[in-house]
Structures are given as structure tokens and as C-alpha cells.
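Colleague: 3D model of this:
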Amino acid sequence: MVRGRIVRAVGIVLAAVSAVVVGIAYGGPYIFSSIGGSYPSLPYYIQFVSPLLGIASLAFIFLPWLRLTIVKNDSQTVLKDLAHRLRVSRYRVSEEPNRLVIQIDSNSAVKIRAISCPHGTEISYQPDATPSGWSLMLILLLIVPITQPVSIVVAFFIYAKVREFAVGRVMPRITGEPVSRSSSQEVDVRTVLIDSLSEGHRLAAEAYEGAQSSREDWVLFTTIMGIVLFAGLLLASAMMLPEDIKFPERMYVILLVSIVAPLLLVLASLHLMGARTGAKIEALRSWSERLDAALSREVSRTAPSEGEPSSFELLADAWRQVPYWINVRRGAGVFRDPGDWFVILLCGCLGFGMLVGAFVLAFTALGYAALMAFAGTAFSAAAFLVHKRWRKRLDEEAKRLDHGWKARFDGMWTEMEKYIQDM
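Modeller: Here you go, the predicted structure:
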């Protein structure tokens with residue numbers, strides 16, 4: 001509880017200090033000029049204080065593990081029971097070694113860790129954000145200077161929501177009685193069935209969101225290329241048109257040449273992307289909705305409507321789709337890991353720019369060129385290593401998901417066969 005108050009207090013202070021710094025660095029000149037005064041010169045580096053405070057705030061909020069409680073059951077039992085209870089409550093739960101990752105809403109998530117200790121099992125939690133939440137905070141923090149304090153406020157609200165969820169939703173599900181297993185075969189079958197439907201729905205939903213994000217990334221890339229082509233054609237046509245073409249005909253020709261080609265390129269690219277991915281995205285959405293509806297039926301203990309497949313039949317069909325879902329989910333790199341990709345792009349751009357600068361300076365200032373070449377090589381190597389680590393982590397996660405799903409599916413059929421034999 002004390003740690004929670006400390007985090008809230010530090011978050012408020014850092015947000016206030018960051019807002020003051022931004023106001024001084026960016027709003028000071030306008031205020032002084034409006035009252036006829038001269039704005040005192042400030043060191044250039046003060047403009048970097050606010051983003052550094054923002055980064056420190058994010059690290060202070062999202063890096064520490066906060067202790068929740070200590071229970072007597074072993075860690076695996078605690079995490080398994082908690083995952084089942086949260087899935088019954090329709091939360092997306094991802095199982096990792098010795099921890100769970102729960103998505104609370106579109107921007108907030110929480111990691112739950114169970115570690116053995118002398119008095120039993122210590123349960124702790126770590127505030128987290130979804131990919132969309134991290135993207136929002138990074139954009140507010142690093143791209144738009146005037147909104148840097150807002151990123152701290154967003155992080156603070158995510159922390160408050162995670163803490164409320166941990167205390168109000170996770171704590172009662174941990175301290176309650178263990179999930180009844182092996183008391184009856186029907187309970188075992190229903191437990192495994194709900195867990196399998198929830199995991200299948202999570203994979204299908206994340207694959208659907210990842211496919212949508214990949215399409216949106218392509219739309220953004222195509223739009224940027226269209227803008228670059230527009231600028232290039234505008235400059236080229238203005239320089240290459242004969243001088244005898246006068247205004248306003250000259251302006252009409254320049255605009256026609258520079259607008260039509262990029263517009264056709266963007267429209268053709270969007271059409272091809274829609275034709276290529278539209279049916280696949282719709283199929284992923286359909287699978288997500290069907291599994292979600294089946295999960296809702298099992299939780300509420302209602303039978304499927306006439307003509308609808310049973311939950312077992314639906315899972316048998318979904319089992320064939322899971323490798324494809326994992327592959328689609330794995331391909332949505334920017335969507336799933338905005339932080340890693342921000343570091344990769346930042347280091348890559350800095351490295352490329354410094355290497356180009358080193359090449360230019362090599363003819364005039366060899367010493368500066370050597371320094372820039374060294375720095376550019378270091379940034380490029382950092383981008384390569386971060387990308388390599390990110391790719392390795394995705395490969396390991398894909399293998400773990402595939403193995404876990406197969407084990408879950410085999411366990412479900414084993415429980416079902418036992419249930420049929422007992423009947």
C-alpha cells in the first residue's frame with residue numbers, strides 16, 4: 001500500500017515538473033513576446049529534460065514488481081487456478097513461465113508473477129500496457145513535444161487501473177478456494193474446455209488484430225511513398241517543363257503530373273492490399289467471434305443453437321487453424337512490440353545518418369569523420385542486435401504457444417474420453 005502511494009506521488013510530481021519544463025522551453029518565447037519583454041536564453045539541452053523525465057516516469061511505473069499477497073498453495077497451482085477464473089470472467093490470459101499476462105482493456109495489461117518463498121508463494125504484479133497503449137505513450141512522449149507531460153498522465157492512469165484490477169479482481173481470485181479438480185469428471189472437462197476456448201479465442205483475436213495492424217502499416221507506408229513521389233514529381237516537373245509554358249497553364253500541368261501518378265499508385269496499392277488480405281482478415285474475425293460465442297455459452301452453461309457446432313467440434317476445427325494464427329500473430333511486429341521497433345528504427349536511422357555524414361566529412365575533416373563512423377557503426381550494431389533479440393524472442397514464443405496448444409488439446413480429448421467412459 002505504501003509503495004502504491006509513493007508511485008502515485010512520484011508520478012504526479014514528475015508530470016508536474018515535465019509540464020513546467022515544456023511550458024518554459026516551448027511556451028516562454030510566446031508569453032514574453034506578447035508582453036513586449038525579451039525571453040532569457042536557455043540552454044538548448046533543456047528541451048531534452050522533459051522527455052528524459054517522461055522516460056524516467058515510465059521506467060519507475062512499469063519496471064518494478066509490486067507485492068500483492070502471500071498464499072500457501074504452490075506457484076503452479078495458484079497461476080493455473082487464477083488463469084481459469086479470469087478466463088471464466090472473459091479476460092484474455094496469456095500463460096508464460098511462472099507468470100500470467102492479462103489484458104484488462106484496449107490500453108492496459110498486467111503481469112502476475114508467483115515465486116516460492118519460505119512462507120508459501122509470493123504473488124506480485126507489474127503494470128503493463130497493450131501494444132496500442134505503448135504506442136500512444138511513445139507518440140505522446142517522443143514525437144509531439146508539447147504533449148510529453150500527457151504521456152506521464154496516461155502512464156499514471158494505466159498504473160491506477162492496473163492497481164485497481166490487481167487488488168479488486170486478482171486478489172479475491174487468489175485468496176479464494178482452489179478450483180475443484182478431480183472431484184467429478186464433468187468439472188474437469190468443463191474446466192479444460194473453458195481454458196481451451198479462451199486460449200483459442202485469444203490467439204484468433206490477436207491474429208485478427210495483428211493482420212489489421214499489418215494492413216494499416218502498409219496503408220501508412222504507401223501514403224508516405226505517395227507523398228515522397230508527389231514532392232519529387234512536383235520538383236522535377238517544375239524544373240523540366242519548357243519555359244514557354246506560362247502561368248497559370250504551367251501550374252495546372254505541374255499539379256496534374258505531380259498529383260495523378262502518386263494518387264494512382266496509392267489507390268492501386270490499397271486495392272491490391274484489400275483484395276489480398278480482406279478475405280483472410282474477415283476469416284480471422286469470424287473465428288474470433290465464433291470462439292468468443294462458444295466461450296460465453298460454456299461459461300453460462302447454455303447449449304448451442306440448432307445447427308451450430310458443439311464446443312468440442314469447434315475446437316477440433318480451430319486446432320487446424322492455430323499454426324496459421326500463430327504465424328499471423330508473429331508477423332505483426334510493429335503492432336506487437338512498438339517499444340522494440342522504436343529502438344530499432346531510432347538506432348537504425350541514427351546509424352545510417354552518421355555513416356552518411358562520416359562519408360561526407362571524410363573529404364574535409366577526417367577526425368570528425370572517424371568519430372561519426374564509429375558512432376554510426378555502434379548505432380547500426382545496436383539496431384541489428386535488438387532486432388536479432390526480438391526475432392529470437394518471437395521464435396521462442398511461437399514454439400511455446402504451439403507446444404502449449406497441442407498439449408492443451410490432447411488434454412482436452414483425454415478428459416473427454418474419460419468422461420464418456422464414466423458415462
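
Colleague: which pLDDT value goes with Ile6?
Modeller: Ile6 is assigned 55 on the pLDDT scale.

Colleague: what's the answer for Gly27, then?
Modeller: 51.

Colleague: do the one 5 residues further on as well
Modeller: According to the prediction, Phe32 has pLDDT 47.

Colleague: Gly411 too?
Modeller: Looking at Gly411, its pLDDT stands at 70.

Colleague: number of nearby residues for the nearest residue to it once chain neighbours are set aside?
Modeller: The shortest distance from Gly411 to any non-neighbouring residue, by Cβ to Cβ, 6 or more residues apart in numbering, is to Val192 (5.9 Å). Bear in mind the C-beta positions are built from the backbone N, C-alpha and C, glycine included. Using other Cβ atoms under 10 Å, Val192 has 20 neighbouring residues.

Colleague: and what about Val192, helix, strand or coil?
Modeller: Secondary structure for Val192, judged by DSSP: H, G, I helix; E, B strand; the rest coil, is helix.

Colleague: shaky segments in the stretch 1-150 of the chain?
Modeller: Residues of the stretch 1-150 of the chain that meet the criterion pLDDT under 70 lie in 1-51, 143-146.

Colleague: helices of that one, residue ranges please.
Modeller: With DSSP state H, counting those that start in this stretch as the criterion, the stretch 1-150 of the chain has helices at 2-22, 28-34, 49-62, 75-88, 131-142, 148-165.

Colleague: any idea of the angle the fifth one forms with helix 148-165?
Modeller: Read it as helix 131-142. Angle, helix 131-142 to helix 148-165, by axes from the mean of the first three to the mean of the last three Cα atoms, to 10 degrees: 150 degrees.

Colleague: can you point out the buried residues in helix 131-142?
Modeller: For helix 131-142, the buried set under the neighbour-count rule, 16 or more other Cβ atoms under 10 Å, comprises 131, 133-138, 140-141.

Colleague: likewise for the last one?
Modeller: If you call a residue buried by 16+ other Cβ under 10 Å, then helix 148-165 has these buried ones: 148-156, 158-163, 165.

Colleague: can you list the domains in this structure?
Modeller: The chain breaks down into these domains under automatic domain parsing: 2-179, 184-307, 337-423.

Colleague: contacting residues for Leu193?
Modeller: Contact analysis of Leu193 by Cβ atoms under 8 Å, 6 or more residues apart in numbering lists 298, 311-312, 315, 412.

Colleague: how far away is Glu306 from Arg276?
Modeller: Distance of Glu306 to Arg276, given as Cβ to Cβ, to the nearest Å: 36 Å.

Colleague: can you check Arg163 too?
Modeller: Arg163 is 43 Å from Arg276, by Cβ to Cβ.

Colleague: host element of Ala383?
Modeller: Assessed by DSSP states H and E, Ala383 sits inside helix 366-422.

Colleague: that helix packs against which elements?
Modeller: Applying 3 or more Cβ pairs under 8 Å, 6 or more residues apart in numbering; DSSP states H and E, we find helix 366-422 packed against helix 185-240, helix 311-331, helix 338-361.

Colleague: quick one, that helix and helix 311-331 angle?
Modeller: Per the same axes, to 10 degrees, the angle that helix 366-422 makes with helix 311-331 is 170 degrees.

Colleague: excluding covalently adjacent residues, which one is nearest to Ala83?
Modeller: Nearest non-adjacent residue to Ala83, counting by Cβ to Cβ, 6+ apart: Val93, 4.9 Å away.

Colleague: looking at it, that neighbour is touching Leu203, isn't it?
Modeller: No. Between Val93 and Leu203 there is no contact under Cβ atoms under 8 Å: 11.7 Å.

Colleague: and the two? Which one has more around it.
Modeller: Using other Cβ under 10 Å, the more surrounded residue of Val93 and Leu203 is Leu203, with 26 against 21.
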